[in-house]
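A.B. asks: After the sequence you'll find the predicted model.
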Amino acid sequence: MEYIGHGGREIVERVIASPAEAKERIQGLTRVAVSGRAARESINIAYGFFTPLEGFMGKQDVATVCHKMALSDGTLWSVPIVFDIAGEEIREKGIKEGGTILLDYEGNALAILEVEDIFDYDRTEMAQAVLGTTDARHPGVRMLDEMKDTFIGGKVTLVNAPRFNPPFDRFWYTPKELRAKFLEKGWQRVVAHQTRNVPHSGHEWLMKGAWFAANGELPVEKLPTGILVSCIIGPKRVGDYIDEAIALGQQRLHEAGYFRDDVHMVSIALWDMRYAGPKEAIFHAILRENLGCTHHMFGRDHAGVGSYYDPYDAHRIFDQIPEGSLNIKPVRVLEWWYCPVCGEVTYSGLCGHSQQKQDFSGTVIRSIIQDKVKPTKLIFRPEVFDELMEAADRYGFGSPFCTEEYLSQRQPVFELGRL
Amino acid sequence: MAETFSINLWINEERYDRLSKVGLAGVTKDALAGMRVLQLQCAEEQKDKLLALYPMAKFDSATTKSIELVPAEAKEQMFNLVIERKSLDVMGEFLKGVS
């Protein structure tokens, strides 16, 4: 089986599978404790989620990503993937270009980083170029502001594979594993649905609409097209849905028959959202291209926040990239709303009752659930609601939404064993 | 006329009974395939105050133009004021009481 990822480059796993070999390789290396974001990105790099990246970016790549939306070799890329470290720590630990350091996550060895480039970069310039703003209220700007003052670029090799805790272990697939799964299912086309939500029926119909668009001219007797739900797992805030409910709620959609089992599957992707709107849409397309998807659904205000982007900027950017620079097709969709005249959840691009429409969003559904009201079946599937409440009891300390208690005491998504 | 922004108080059976007792059941609206909602209106300044008071609350600028995710306890207080005053014009009093 061929594993060709973004930029026409082969997906290569940079993972030392043998603990004995890993122990030997890390012997005597300087340890550097890393953030959750750096740990998640190291894992992504090592398994090929970020192909063609083999490591954290050096200065030249960061500059071309910021200013030309491409890596220095010309491959389309829209979001810098950087490893930040305090200059003081570099000096204290004597870290030098040409050396190798051991990345340590929560007291355990995670990966080795070959120090190829130590550099600084104007983070305000990075924010303006990627996020289109330097406003400190933008969460992506805050993420950049909170980074340490120096960056290290270089190849990453995982020395300790993460162990995913339930329920995430059922949904974690590397790009190679996912491609094997698609082959097993007989899917010739796969449309990605990125989500950070427990699905309401608007999401369900977005996926169904995207399936029709992706299946296009293909025969329908054998259903050669599938939907990959790719749940983003990253930092959470109080009030967000708990991660467990998101993955399990999506899974329940096909378990309850709202999708056939052979056209729908759920996976997780580790990613700290930048909320970069259009630039992040390009990045999400690259990520899903590496997973083996052929199409990616983009709804209104994809990866947006506040009013920093026009709701359809993330659609338009796909018209501005060089032809052939992506091997995945965007499926661009408008909103779905509830129409009391049609008596159904329907597509704004087709329904003519815009005066009578009733909008709903993930945020509105969260408000309804917070008010202790069970949404109606047409809006939120009862089986998904039950799953949400079960997840609240099992994982959320009684709440389907993140609380301080959940954030401080939850079981981690993944852990590393002792080497 | 100045633009106003709504806060949706979703109505379960218990809330509906309490509204009925004070003669306000008729002010709820049908929403989303059979749910009922009571919409309180906020002026721009009141919206900003609410969002500052409750950082987890969100103005859904993209879809519904409503203020969502106000904590349940705060919405309960608003609802109680509606019942006590038999009026939907309670945002001023609510904000005075909590700020």
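C.D. replies: Now that the structure is in, tell me what you want to look at.
A.B. asks: C-alpha from now on. contacts and neighbour counts both.
C.D. replies: OK.
A.B. asks: which one is the residue in chain A that chain B sits nearest to nearest to, not counting chain neighbours?
C.D. replies: Nearest residue of chain A to chain B (C-alpha to the nearest C-alpha) works out as residue A:367 at 5.1 Å. Among residues not flanking residue A:367 along the chain, residue B:69 sits closest, at 5.1 Å (C-alpha to C-alpha, 6 or more residues apart in numbering or on different chains).
A.B. asks: That neighbour reaches residue B:56, doesn't it?
C.D. replies: Yes: assessed by C-alpha atoms under 8 Å, residue B:69 is found in contact with residue B:56 at 6.6 Å.
A.B. asks: of those two, who's got more company?
C.D. replies: Using other C-alpha atoms under 10 Å in any protein chain shown as the criterion, residue B:69 and residue B:56 rank with residue B:69 on top: 28 against 15.
A.B. asks: give me every residue that touches the more buried one.
C.D. replies: A:239, A:363-364, A:366-367, A:370, B:56-58 (C-alpha atoms under 8 Å, 6 or more residues apart in numbering or on different chains).
A.B. asks: And chain A, what are its domain boundaries?
C.D. replies: As assigned by automatic domain parsing, chain A contains the domains A:6-161, A:168-415.
A.B. asks: JSON lines please, covering the ones you listed and showing mean pLDDT, mean neighbour count and distance to residue B:89.
C.D. replies: Formatted as JSON lines, the domains of chain A follow (pLDDT from 0 to 100; neighbours: other C-alpha atoms under 10 Å in any protein chain shown; distance: least, C-alpha to C-alpha, whole Å):
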{"stretch": "domain A:6-161", "mean pLDDT": "98", "mean neighbour count": "19", "distance to residue B:89": "32"}
{"stretch": "domain A:168-415", "mean pLDDT": "95", "mean neighbour count": "19", "distance to residue B:89": "20"}
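A.B. asks: Now the common contact residues for residue B:69 and residue B:56.
C.D. replies: Joint contacts of residue B:69 and residue B:56 (C-alpha under 8 Å, 6+ apart) are residue A:239.
A.B. asks: helix, strand or coil for residue B:38?
C.D. replies: strand (DSSP: H, G, I helix; E, B strand; the rest coil).
A.B. asks: looking at it, it is touching residue B:15, isn't it?
C.D. replies: No: the criterion here is C-alpha under 8 Å, and residue B:38 misses it with residue B:15 at 10.0 Å.
A.B. asks: Which one's more surrounded, these two?
C.D. replies: More crowded of residue B:38 and residue B:15, by other C-alpha under 10 Å: residue B:38, with 25 against 18.
A.B. asks: who in the stretch 251-400 of chain A is up against chain B?
C.D. replies: For the stretch 251-400 of chain A, the residues in contact with chain B (C-alpha under 8 Å from any C-alpha of the partner chain) are A:301, A:306-307, A:311, A:338, A:340, A:343-344, A:358-361, A:363-364, A:366-368, A:370-373, A:375-376, A:378-379.
A.B. asks: can you give me the helices for chain B?
C.D. replies: For chain B, the helices defined by DSSP state H cover B:13-21, B:44-53, B:72-85, B:91-98.
A.B. asks: what's the neighbour count on residue A:163?
C.D. replies: 14.
A.B. asks: pLDDT value on it, please?
C.D. replies: As predicted, residue A:163 sits at a pLDDT of 98.
A.B. asks: I'd like to know the beta-bridge partner residues of it.
C.D. replies: Beta-bridge partners recorded for residue A:163 (DSSP bridges): residue A:415.
A.B. asks: which residues touch it?
C.D. replies: By C-alpha under 8 Å, 6+ apart, the contact list for residue A:163 reads A:169, A:414-417.
A.B. asks: same question, residue A:176
C.D. replies: A:3, A:11, A:291.
A.B. asks: In contact with the first one: list those residues for me.
C.D. replies: This points to residue A:3. By C-alpha under 8 Å, 6+ apart, the neighbours of residue A:3 are A:10-11, A:176, A:179.
A.B. asks: go on, the second one?
C.D. replies: For residue A:11, the contact set (C-alpha under 8 Å, 6+ apart) comprises A:3-5, A:47-48, A:51-52, A:176, A:290.
A.B. asks: Out of the residues you listed, flag the one nearest to residue A:107.
C.D. replies: Of all the contacts of residue A:11, residue A:107 sits closest to residue A:47, with 21.6 Å by C-alpha to C-alpha.
A.B. asks: my guess is that closest one meets residue A:178, correct?
C.D. replies: No: counting by C-alpha under 8 Å, residue A:178 is not a contact partner of residue A:47; they are 11.5 Å apart.
A.B. asks: picking up where we left off before, out of the contacts of residue A:3, list just those in helices.
C.D. replies: The helices, defined by DSSP H, take in A:176, A:179 from the contacts of residue A:3.
A.B. asks: could I get the contacts of residue A:3 as JSON lines with distance to residue B:23?
C.D. replies: Putting the contacts of residue A:3 into JSON lines (distance: C-alpha to C-alpha, whole Å) gives the following:
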{"residue": "A:10", "distance to residue B:23": "69"}
{"residue": "A:11", "distance to residue B:23": "66"}
{"residue": "A:176", "distance to residue B:23": "63"}
{"residue": "A:179", "distance to residue B:23": "61"}
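A.B. asks: mind checking pLDDT for residue B:1?
C.D. replies: 64.
A.B. asks: Against residue A:169, how distant is the nearest residue to residue A:168 once chain neighbours are set aside?
C.D. replies: With C-alpha to C-alpha, 6+ apart as the criterion, residue A:168 has its nearest non-adjacent residue at 6.7 Å, and that residue is residue A:413. With distances taken as C-alpha to C-alpha, to the nearest Å, residue A:413 is found 9 Å from residue A:169.
A.B. asks: returning to that earlier point: return the member of the contacts of residue A:176 nearest to residue A:161.
C.D. replies: For the contacts of residue A:176, the nearest to residue A:161 is residue A:11 (17.3 Å; C-alpha to C-alpha).
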